[in-house]
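Engineer: only geometry, no sequence info:
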């Protein structure tokens, strides 16, 4: 298997793709493994999901051999193949847990979809990115909803059409990544420690809230919904524990549990 899923003592799922000889490109088998692992992680009571790869490069995107085989398939077979990649993006983007993506080296094509689907993305200074599909006479269709949500329509108009290679500084400016780091392991530990410091149910609820509120009209139903959401969490066990701990000037129970 090219994909491993490890659960740490602090209930963090580490999802790692190890196919360095292929620059961590993904084919139908790798996609199936990733879906299986992410769906399993989504079903667990964990605190975070980390996506990373081994080797010099994060991912070259679609495997060339797989792409060649798809070119020989008919339309219906291509739809079936593409639907699997679409499912991979969906299960990652809709994970109830906070997701962290660590990027090194090259991230091309579909790899940008994986990055855009994660809540937090960190890249090394030498990382390079490219929406390379049009160079091959293709389009970044399946990943487009997530990449456009990350970088915006205006920037997508440029990078979808030009297939330019851009560096980490530009990816940061575009909003594709959140931070540039010389030490991905250190950055991983920082974000995990930060997430573990927060209420687990609150983190999941906050993530859900973003999906409920983003790009919605600020009307009476939305205002009422947000008022209901804060009221619900205030009276929840975790909300009560968090407020009580704050006023009693002590650490909340979830921080103590994370240290055990």
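Structural biologist: Thanks, I have the structure now. No experiment lies behind these values; they were computed from the predicted model shown.
Engineer: Kindly check the end-to-end length of stretch 95-106 for me.
Structural biologist: One end of stretch 95-106 to the other measures 25 Å (Cα to Cα, to the nearest Å).
Engineer: what mean pLDDT does it have?
Structural biologist: The pLDDT scores in stretch 95-106 average 98.
Engineer: Stretch 223-240 now?
Structural biologist: 94.
Engineer: same question, stretch 149-164
Structural biologist: The model assigns stretch 149-164 a mean pLDDT of 98.
Engineer: Show me what the longest helix seen in the chain is packed against.
Structural biologist: When the chain is parsed with DSSP state H, its longest helix is helix 75-93. If contacts are counted by 3 or more Cβ pairs under 8 Å, 6 or more residues apart in numbering; DSSP states H and E, helix 75-93 sits against helix 28-43, helix 64-71, helix 111-117. Using the backbone N, CA and C atoms, a C-beta is placed for each residue, glycine as well.
Engineer: how about these in JSON lines, adding distance to residue 104?
Structural biologist: Shown next, in JSON lines, are the helices and strands packed on helix 75-93 (distance: least, Cβ to Cβ, whole Å):
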{"stretch": "helix 28-43", "distance to residue 104": "18"}
{"stretch": "helix 64-71", "distance to residue 104": "21"}
{"stretch": "helix 111-117", "distance to residue 104": "11"}
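Engineer: what residue lies at the spatial centre of this structure?
Structural biologist: Nearest to the geometric centre of the chain sits residue 118, at 1.5 Å (Cα atoms, centre = their mean).
Engineer: Just the pLDDT for that residue.
Structural biologist: pLDDT, read off for residue 118, is 98.
Engineer: ok, back up a step: which of the helices and strands packed on helix 75-93 has the lowest mean pLDDT?
Structural biologist: helix 64-71 (a mean of 79).
Engineer: Packing partners of that helix?
Structural biologist: Helix 64-71 packs on helix 75-93, going by 3+ Cβ pairs under 8 Å, 6+ apart.
Engineer: buried ones in the helix it packs on?
Structural biologist: 81, 85, 86, 87, 88, 89, 90, 91, 92, 93 (16 or more other Cβ atoms under 10 Å).
Engineer: Tell me the one of the residues you listed nearest residue 184?
Structural biologist: Ranked by distance to residue 184 (Cβ to Cβ), those are led by residue 92 at 18.7 Å.
Engineer: So the closest one sits against residue 115, correct?
Structural biologist: No: using Cβ atoms under 8 Å, residue 92 is not in contact with residue 115; the gap is 10.0 Å.
Engineer: picking that back up, skipping adjacent residues, who's closest to the residue nearest to the centre of the chain in space?
Structural biologist: Nearest residue to residue 118 in three dimensions, chain neighbours excluded: residue 101, at 3.8 Å (Cβ to Cβ, 6 or more residues apart in numbering).
Engineer: Would you verify that the one you found is located in a strand?
Structural biologist: Yes: assessed by DSSP: H, G, I helix; E, B strand; the rest coil, residue 101 belongs to a strand.
Engineer: Could you check how far the closest residue to residue 155 other than its chain neighbours is from residue 164?
Structural biologist: With Cβ to Cβ, 6+ apart as the criterion, residue 155 has its nearest non-adjacent residue at 5.3 Å, and that residue is residue 174. From residue 174 across to residue 164, the span is 12 Å (Cβ to Cβ, to the nearest Å).
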